[in-house]
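1. model the following, please.
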Amino acid sequence: MRIAALIVAAGRGTRAGGDTPKQWQALHGKRVIDWTLEAFRSHPSITDIAVVVHPDDMDLLTDPDLIVTRGGATRDQSVKCGLDALAPQCPDLVLIHDAARATVSKPVIDDVIDALATHDGAAPAIAVTDALWVGTDGRVTGTQDRTNLFRAQTPQGFKFDKIRNAHREQTAPAADDVEIARRANMTVAITQGCETNIKITLPQDFERAEAILRTRS
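-> Model prediction:
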């Protein structure tokens, strides 16, 4: 079985600060994206890795074992570009992962792959345990029931042909690939997420990610 990883790295990530997009910034002796790639390179089940990058960043990855392709104007378009680039490899499954989640662990990846034996898709998530408020203009205006709510993570895994067809058919923006899969009536399992599988979004997240990586050294 061929299992591909598709790393989405075409965004600009301006909220993270810095002179370059967050995926190219330094993190614990490497770039953020290098840690992300290592998590999938070192996984024994991953056979192919594709990376979708901004057109201005095409020269920032030189590893000949990677499939590097240009992204689109939106995340949806970038994922579609990546799926098209992977198609010649004929993967059975694909794991779509944000480059900014540099601390993803092998158990999280394992659980997604295992769930794909019985589902069209699978993705890690963590149940919401905090109280949820609705607010306007800095004031609490109501509450939101947290029952059956989850915080989504990546990698989000799918049967390759099904998610590629779903992306081809989708016509409206989506929050993530799970939303696109569900529009195509694909079954998506929730697997166990991890609090250390953080997405670098803000400047302080670099510190958190570095602390996580330091414990694994």
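
2. can you tell me the element residue 194 falls in?
-> Using DSSP states H and E, residue 194 falls within no helix or strand.

3. list phi and psi for it.
-> Dihedral angles of residue 194 (phi, psi; degrees, to the nearest 10) stand at phi -140, psi 140.

4. and it, what does it touch?
-> 105, 107-108, 124, 126, 153 (Cβ atoms under 8 Å, 6 or more residues apart in numbering). For glycine as for every other residue, the C-beta is placed from the backbone atoms N, C-alpha and C.

5. dump the residue contacts of the residue most central in space within the chain.
-> The centre of the chain sits closest to residue 97, judged by Cα atoms, centre = their mean, with a distance of 2.4 Å. Residues near residue 97 by Cβ under 8 Å, 6+ apart: 5-8, 36, 40, 104, 154-156.

6. most widely separated two among those residues?
-> Spatial extent of the contacts of residue 97 (Cβ to Cβ) is set by the pair 36 and 156 at 14.4 Å.

7. quick one: low-confidence ranges for this structure?
-> The model of the chain has no residue with pLDDT under 70.

8. need the helices for the protein, in chain order.
-> Listed in chain order, the helices of the chain (DSSP state H) span 32-41, 75-86, 106-115, 160-169, 177-183, 204-216.

9. run through who's touching the fifth one.
-> Identification of contacts with helix 177-183 by Cβ under 8 Å, 6+ apart yields 76, 79, 96, 120-121, 123, 152, 156, 158, 162-163, 166-167, 170, 174, 188.

10. redo that, cut-off 10 Å
-> Contact partners of helix 177-183, identified using Cβ atoms under 10 Å, 6 or more residues apart in numbering, comprise 6, 8, 75-76, 79-80, 83, 94, 96, 119-123, 125, 152, 154-159, 162-163, 166-167, 169-174, 186-188, 190.

11. if any of those residues are buried, put those into a PyMOL selection.
-> If you want just the buried ones from these in PyMOL, going by 16 or more other Cβ atoms under 10 Å, the selection is:
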select buried, resi 6+8+75+76+79+80+83+94+96+119+120+121+122+123+125+152+154+155+156+157+158+159+162+163+166+167+170+174+186+188+190
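
12. just give the closest residue to the residue nearest to the centre of the chain, not the sequence neighbours.
-> residue 155 (3.9 Å; Cβ to Cβ, 6 or more residues apart in numbering).

13. one more: residue 67?
-> Counting by Cβ to Cβ, 6+ apart, residue 50 is the residue found nearest to residue 67 once chain neighbours are left out, at 3.9 Å.

14. surely the one you found and residue 70 touch.
-> No. Residue 50 lies out of contact with residue 70 (Cβ atoms under 10 Å); the separation is 11.5 Å.

15. shared neighbours of those two, anything?
-> 81-82, 85.

16. which of those residues are buried?
-> 81-82, 85.

17. mind picking the one among the shared contacts of residue 50 and residue 70 that's closest to residue 204?
-> Nearest member of the shared contacts of residue 50 and residue 70 to residue 204, counting by Cβ to Cβ, is residue 82, at 29.2 Å.

18. who's in contact with the residue nearest to residue 118 when sequence neighbours are not counted?
-> In this structure, residue 118 finds its nearest non-sequential neighbour in residue 189, 7.5 Å apart by Cβ to Cβ, 6+ apart. Contacts of residue 189 were listed using Cβ under 10 Å, 6+ apart, and they are 111-112, 114-124, 157.

19. can you check residue 157 too?
-> Residues near residue 157 by Cβ under 10 Å, 6+ apart: 3-5, 93-97, 109, 111-116, 119-124, 163, 177, 188-189, 191.
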